[in-house]
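In: Fold the stuff below for me.
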Amino acid sequence: MPRTPQRNRNSADHAAVLDGIDFNKFTPSKHFTQDNANILGRLASGSYSDPEDQQAHLPSSVRFTFLDSKNNASLGIPVADSGTQVTLIETKKALMVAARGTSPPWSSENSDDSEWKDFQTDMVAVPVTNYDHSGKVHKGFKDGADGIWDQLKPHLHNAIKTHKSIHIAGHSLGGAIALLLADRMVFETGELPQTVVRLGAPDTGWADQAKHLEDVGIAQRTYNFKNCTDPVPGILKGSVEAGKEIYFNRHGLADISGDSHKLDKTLGAGQDVYHGHPDPTHRHHCLAYNVLIASADNSAVLKQVEN
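Out: Prediction:
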């Protein structure tokens, strides 16, 4: 039997981010809209919750599937458990894939091995060859994607066969895994996902990997949300970003200029300390990203990104 993970103590409360999602506002044919990003971002946040809690908060009009690399052995898949978990949401015209990010072991009353695997995945920053041997990627992130690939692949093939658009998302580690799942999808199927949405996610590799993602067309469909002083997006030393950056400044307003934002980050750090948040990781929280993506104050800027 597939296992039921014991994750956040407040799993049911955390899954409440899924309440009221109007999938009728999702436009499968678009690469980016604010509504699409909002929905994909909320699915990425909801992926931290137990599957039962996720399903309880989702409408019955969509098909919910939960994949867990823990089940590889019982499914006859000869790939080691990487601790990777992925939520699939299927509508009549789209398949949405949300990869779970790092779940701290101390956040669960009943911590299990997969939570410690998250940290192993994050820390294994050894460069390894990407799928078409054109560049180098972070080994831990690649192992995380590979750990769930054989379970995910049939769902991707079915979506391609039935002409459904595929949208992949993730927060933090989940965003890194999402991008590498998109890369392997192109390598094995020859098809591009419609969108890759990444919230507070680290880069997956270095300059040659970024060029590869540009060359195959993934970068042009990748959207990287970054929240001011959130340290995680820049955690991989020497890495190069692929895709469109959408930066939220210290006031929570979207900026698509592509600037370095050094002054804003410095002022943001001071603002955080003043308000009693000296640890910049408080801006990394997935629910904080959900609020900023959905904000009406950011609609005009996000409208400029729509395509």
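
In: quick one: buried residues of the top helix by length along the chain?
Out: Taking DSSP state H as the criterion, the chain has its longest helix at helix 139-161. By 16 or more other C-beta atoms under 10 Å, the buried positions in helix 139-161 come out as 140-152, 155-156, 159-160. C-beta: built from backbone N, CA, C; applies to glycine.

In: so what strands line up beside the helix or strand that contains F64?
Out: Using DSSP states H and E, the secondary-structure element containing F64 is strand 63-68. According to DSSP bridges, the neighbouring strands of strand 63-68, each with its direction, are strand 85-90 (antiparallel).

In: thinking again about what came up before, how many degrees apart are the strand holding F64 and helix 139-161 in direction?
Out: Relative orientation of strand 63-68 versus helix 139-161 (axes from the mean of the first three to the mean of the last three C-alpha atoms, to 10 degrees): 150 degrees.

In: Check which element follows the lowest-mean-pLDDT helix or strand in the chain along the chain.
Out: Of all regular secondary-structure elements in the chain, judged by mean pLDDT, DSSP states H and E, the least confident is helix 113-123 with a mean of 50. The helix or strand immediately downstream of helix 113-123 is strand 127-129, counting by DSSP H and E.

In: which other helices and strands contact that following strand?
Out: With contacts defined as 3 or more C-beta pairs under 8 Å, 6 or more residues apart in numbering; DSSP states H and E, the packing partners of strand 127-129 are strand 136-138, helix 139-161.

In: Contacts for it, please.
Out: Contact partners of strand 127-129, identified using C-beta atoms under 8 Å, 6 or more residues apart in numbering, comprise 135-139, 142, 205-206.

In: Next, the buried residues of that strand.
Out: P127.

In: Any of the contacts of strand 127-129 buried? List them.
Out: In terms of neighbour count (16+ other C-beta under 10 Å), the buried residues within those are 135-138, 142, 205-206.

In: from the residues you listed, which two are the most distant?
Out: Spanning the widest gap among those are K142 and W206, at 13.0 Å by C-beta to C-beta.

In: what about the strands in this structure?
Out: In the chain, the segments counted as strands under DSSP state E are 63-68, 85-90, 94-99, 127-129, 136-138, 165-171, 195-199, 222-227, 244-248, 254-255.

In: for stretch 236-253, how far is the first residue from the last?
Out: Across stretch 236-253, the terminal residues are separated by 25 Å (C-alpha to C-alpha, to the nearest Å).

In: and it, how far out from the chain's middle?
Out: Stretch 236-253 has its average C-alpha position 14 Å from the chain's average C-alpha position, going by C-alpha atoms, centre = their mean, to the nearest Å.

In: next one: stretch 185-194
Out: Distance of stretch 185-194 from the chain centroid (C-alpha atoms, centre = their mean) equals 17 Å.

In: Check stretch 87-96 too.
Out: Its chain's C-alpha centre and that of stretch 87-96 lie 15 Å apart, by C-alpha atoms, centre = their mean.

In: Next, the buried residues of it.
Out: The neighbour-count criterion (16+ other C-beta under 10 Å) identifies 87-91, 94-96 as the buried residues of stretch 87-96.

In: what is the closest residue to G258 other than its chain neighbours paired to in the beta sheet?
Out: The spatially closest residue to G258, leaving aside those adjacent along the chain, is E245, at 6.2 Å (C-beta to C-beta, 6 or more residues apart in numbering). For E245, the beta-bridge partners are N224 (DSSP bridges).

In: how close does E245 get to S239?
Out: When distances are taken as C-beta to C-beta, to the nearest Å, E245 and S239 turn out to be 13 Å apart.

In: if you count what's nearby, which of the two comes out ahead?
Out: Neighbour totals were compared for E245 and S239, and S239 leads with 20 against 17 (other C-beta atoms under 10 Å).

In: ok, now how distant is that one from A125?
Out: As it turns out, when the distance is counted by C-beta to C-beta, S239 lies 9 Å from A125.

In: Low-confidence ranges, the stretch 101-250 of the chain, go.
Out: In the prediction, the stretch 101-250 of the chain carries residues with pLDDT under 70 at positions 103-124.

In: Please pick out the residue of this protein most distant from its centre.
Out: Computed with C-alpha atoms, centre = their mean, the residue of the chain farthest from its C-alpha average is Y274, at 30.4 Å.

In: check contacts around that residue.
Out: So, once contact is read as C-beta under 8 Å, 6+ apart, Y274 ends up touching nothing.

In: same check, this time on D230
Out: If a contact means C-beta under 8 Å, 6+ apart, then D230 has 200, 280-281, 283-284 as its contacts.

In: ok, and the most crowded of those?
Out: Neighbour counts for the contacts of D230 were taken using other C-beta under 10 Å; the highest belongs to G200, with 27 neighbours.
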